[in-house]
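Undergrad: coordinates for the following, if possible.
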Amino acid sequence: MKIVIGNAWQDSMNITNECSQIPHYKKLGSAIGFIFEAKFFYMKVHFIAIGGSAMHNLALAMHKKGMTVTGSDDEIVEPSKSRLEKAGILPAQPGWYPEKINNELDAVILGMHARIDNPELVKAQELGLRIFSYPGYIYEQSKEKTRIVIGGSHGKTSITAMILHVLGENEKATDYLVGAQLKGYDTMVKITKEAPYILLEGDEYLSSPIERVPKFHLYHPHIAVLSGIAWDHINVFPTFDNYLEQFRKFVSLIEEDGVLFYFDGDEELCKIANESSRKDIRFVAYKEHPSMIRNGITYLTTDIGDVELKIFGRHNLQNLMAAMLVCEEAGVKKEDFYRSISTFEGAARRLEPIFRGKNTQVFKDFAHSPSKLKATTEAVKSQFPEKKLIACMELHTFSSLNAEFLEEYKGAMSSADEAIVYFNPHTVAHKKLAEITIEQVKAAFNDDALIVYKKSSEVLDKLKSSDLKDSVLLMMSSGNFDGLNYEELPDLLNLD
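TA: Below you'll find the model as predicted:
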């Protein structure tokens with residue numbers, strides 16, 4: 001009998017002495033074969049594009065389990081850089097080094113940031129090494145688990161974080177992959193042998209340069225959520241119909257006897273659910289959880305009384321309802337869910353408070369797409385109706401900087417009392433997009449009062465000169481306004 005260990009074949013008799021005391025072996029999947037647990041902990045894995053959000057978290061998780069982890073990237077920014085450095089697995093220098101790729105590697109994990117002609121990828125292909133996208137690798141590690149996958153154009157991270165928080169509070173052992181840092185967690189990826197569940201944030205972006213399918217197509221959930229659909233990632237989904245098709249496909253990949261929870265306020269999701277031919281899964285629509293706002297605090301209206309929350313916004317009340325349904329499916333009682341969710345403080349950069357003073361509050365948020373921008377500004381204005389809302393956002397993604405897609409932003413910041421948009425022409429050029437102008441941005445947002453800047457220093461100067469008394473300042477971007485340290489912002493603006 002032969003046993004595959006990574007890409008190396010070994011006769012089972014040769015490892016009998018090493019593994020005779022180990023009663024179990026882990027199945028890594030058909031691509032890697034059967035691996036004894038001892039060998040699993042000493043696997044050698046190389047990450048191509050290790051600096052990505054999910055990639056570096058997976059690398060840290062595997063390193064923590066005792067695997068030998070190496071990696072490369074042409075640029076690694078914070079917080080990935082510091083976290084990899086602290087673990088001792090930060091590449092010595094940026095760039096791609098095919099000499100790092102050799103037959104001693106058991107697997108190569110390929111990030112979407114790498115190009116198809118990446119020299120390390122080419123070398124791995126020439127050597128016939130096992131190459132995974134990170135979602136492909138995660139699936140191989142979770143075949144024996146109940147997979148919970150949270151999909152949708154918006155709200156994925158928040159819903160995933162809520163569920164993880166509640167399951168943890170109720171001692172439900174759960175592996176996970178989350179797209180943002182959460183308080184109390186060293187890494188945002190965890191894979192164990194024992195946990196019966198794995199909770200996965202299901203991104204619709206492509207998996208890798210050689211596996212050009214959406215990440216959430218690879219997970220095959222037993223329990224699935226779709227929070228809403230709003231066209232995004234136009235560089236890979238050039239039409240809305242093409243984008244919609246990815247969600248139809250996701251529904252088709254839910255495991256038999258599974259369940260899909262979907263937001264019934266989304267017209268496209270309702271169509272997908274109503275038109276699906278699948279009779280072997282349950283379709284369950286959900287609404288926004290009933291609530292009220294008192295003195296700037298949101299309370300859930302429930303059968304057991306009002307439940308105070310640390311989060312707010314209609315979009316978060318929708319997210320919370322999805323999280324509650326998933327947790328009930330996992331065996332959490334409703335009253336236990338309410339008890340646990342009351343202590344949930346939110347995921348990083350999801351309406352995360354930076355400063356709370358006597359007269360001014362400052363929040364940062366990851367909002368960048370039109371739907372996220374609209375939901376976030378509406379949430380803040382509804383929560384603090386008596387305060388002036390100054391909303392600043394950065395056009396940073398490929399879609400947002402595309403002249404054609406800009407039209408999708410019409411009215412996205414209409415809830416703000418003062419709206420500021422920033423974009424960097426260098427970023428536009430780096431993404432090989434056509435130039436856009438201040439006039440184009442103003443026309444796209446359909447707001448004559450919109451203030452548009454092309455230098456981040458101008459944004460800061462504008463805020464410094466503004467009267468921020470009795471105001472809420474909302475900073476929104478998937479970037480960081482060219483290196484602006486949000487934590488220093490209150491001091492820079494002399495807030496008290």
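
Undergrad: which residues sit in contact with V149?
TA: Shown in contact with V149 (CB atoms under 8 Å, 6 or more residues apart in numbering): 200, 202, 216, 219, 221, 223-225. The C-beta positions use only the backbone N, C-alpha and C, and glycine is treated the same way.

Undergrad: quick one: secondary structure of it?
TA: Recorded secondary structure, V149: strand (DSSP: H, G, I helix; E, B strand; the rest coil).

Undergrad: any chance of CSV for the contacts of V149, columns distance to Y176 and pLDDT?
TA: Output for the contacts of V149, formatted as CSV (distance: CB to CB, whole Å; pLDDT from 0 to 100):
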residue, distance to Y176, pLDDT
L200, 7, 98
G202, 12, 96
F216, 15, 97
Y219, 12, 98
P221, 14, 98
I223, 13, 98
A224, 15, 98
V225, 14, 98
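
Undergrad: which two of those have the greatest separation?
TA: Using CB to CB, these span at most 13.1 Å, a distance reached by F216 and I223.

Undergrad: looking only at neighbour counts, state which of the two leads.
TA: F216 (28 against 23; other CB atoms under 10 Å).

Undergrad: just checking, that one touches Y205?
TA: No. Contact between F216 and Y205 fails when scored by CB atoms under 8 Å: they sit 9.2 Å apart.

Undergrad: that older thread, just the contacts of V149: which are in helices?
TA: Secondary structure assignment by DSSP state H places none of those in helices.

Undergrad: which ones among those lie within strands?
TA: 200, 223-225 (DSSP state E).

Undergrad: residues in contact with S208?
TA: Residues near S208 by CB under 8 Å, 6+ apart: 110-112, 114, 133-134, 136.

Undergrad: so in terms of bridging, what pairs with it?
TA: E211 (DSSP bridges).

Undergrad: what are the buried residues along the helix or strand hosting F337?
TA: According to DSSP states H and E, F337 maps onto helix 334-341. Neighbour counts over helix 334-341 (16 or more other CB atoms under 10 Å) mark 337-341 as buried.

Undergrad: tabulate those residues (CSV), appending distance to V122 and pLDDT.
TA: Listed next are these as CSV, based on distance: CB to CB, whole Å; pLDDT from 0 to 100:
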residue, distance to V122, pLDDT
F337, 49, 98
Y338, 54, 98
R339, 54, 98
S340, 48, 98
I341, 48, 98
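
Undergrad: and of the residues you listed, the nearest to I438?
TA: Closest approach between those and I438, by CB to CB: I341, at 42.7 Å.

Undergrad: give the partner strands of the helix or strand encompassing I198 in its sheet and their orientations.
TA: Element membership of I198 [criterion: DSSP H and E] is strand 197-201. Strand pairing for strand 197-201, using DSSP bridges, gives strand 146-151 (parallel), strand 174-177 (parallel).

Undergrad: among those, which is nearest N402?
TA: Among the strands paired with strand 197-201, if distance is taken as CB to CB, the winner is strand 146-151, at 23.3 Å.

Undergrad: now the element after the closest one, going C-ward?
TA: Tracing the chain C-terminally past strand 146-151 and defining elements by DSSP H and E, one meets helix 156-169 next.

Undergrad: name the helices or strands packed onto that following helix?
TA: strand 146-151, strand 174-177, strand 197-201, helix 314-329, helix 334-341 (3 or more CB pairs under 8 Å, 6 or more residues apart in numbering; DSSP states H and E).

Undergrad: so which of the ones you listed is nearest A419?
TA: helix 314-329 (18.6 Å).

Undergrad: relative to helix 156-169, how tilted is the closest one?
TA: Going by axes from the mean of the first three to the mean of the last three CA atoms, to 10 degrees, helix 314-329 is angled at 40 degrees with respect to helix 156-169.

Undergrad: re earlier: closest one to D73 among the helices and strands packed on helix 156-169?
TA: In terms of CB to CB, the element of the helices and strands packed on helix 156-169 nearest to D73 is strand 174-177, at 19.5 Å.

Undergrad: quick check: mean pLDDT of the closest one?
TA: Mean per-residue pLDDT for strand 174-177: 96.

Undergrad: what's next to it, contact-wise?
TA: 54, 57-58, 138, 142, 145, 160, 164, 167-168, 188-192, 195, 197-201.

Undergrad: among those residues, the buried ones, what's the ChimeraX command?
TA: Restricted to buried positions by 16+ other CB under 10 Å, the ChimeraX selection for those reads:
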select :54,57,58,138,142,145,160,164,167,168,188,189,190,191,195,197,198,199,200,201
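
Undergrad: end-to-end on stretch 97-114?
TA: Taking CA to CA, to the nearest Å, stretch 97-114 runs 13 Å from one end to the other.

Undergrad: so for that stretch, what gets flagged as buried?
TA: Across stretch 97-114, burial judged by 16+ other CB under 10 Å covers 100-101, 105-114.

Undergrad: so after the strand of greatest length in the chain, what's the next helix or strand?
TA: Criterion DSSP E: the longest strand present in the chain is strand 388-395. Once strand 388-395 ends, the next helix or strand along the chain (criterion: DSSP H and E) is strand 418-423.

Undergrad: related to what we said a few turns ago, mean neighbour count, the strands paired with strand 197-201: which tops it?
TA: Counting by mean count of other CB atoms under 10 Å, strand 146-151 has the highest mean neighbour count of the strands paired with strand 197-201, with a mean of 26.

Undergrad: measure how far that one is from the centre of its chain, please.
TA: Relative to its chain's centre, strand 146-151 lies at 13 Å (CA atoms, centre = their mean, to the nearest Å).

Undergrad: put the alpha carbons of that strand into CSV.
TA: Presented in CSV, the C-alpha positions along strand 146-151 are these (Å, rounded to 0.1, in the frame of the first residue of the first chain):
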residue,chain,number,x,y,z
THR,A,146,-21.0,21.1,8.4
ARG,A,147,-20.1,24.1,6.3
ILE,A,148,-21.8,27.4,6.9
VAL,A,149,-21.2,29.9,4.1
ILE,A,150,-22.2,33.6,4.2
GLY,A,151,-22.5,35.1,0.7
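
Undergrad: can you list the weak-confidence ranges in the stretch 251-400 of the chain?
TA: Along the stretch 251-400 of the chain, the model assigns pLDDT under 70 to no residue.

Undergrad: same check on the stretch 1-150 of the chain?
TA: 1-42.

Undergrad: the strands in it, which residues?
TA: Secondary structure of the stretch 1-150 of the chain by DSSP state E, counting those that start in this stretch: the strands cover 2-5, 8-11, 25-29, 33-36, 44-48, 68-72, 107-110, 131-133, 146-151.

Undergrad: okay, now the sheet partners of the fifth one, with direction.
TA: For strand 44-48, sheet partners with direction are given as strand 68-72 (parallel), strand 107-110 (parallel), following DSSP bridges.

Undergrad: many thanks, we can stop here.
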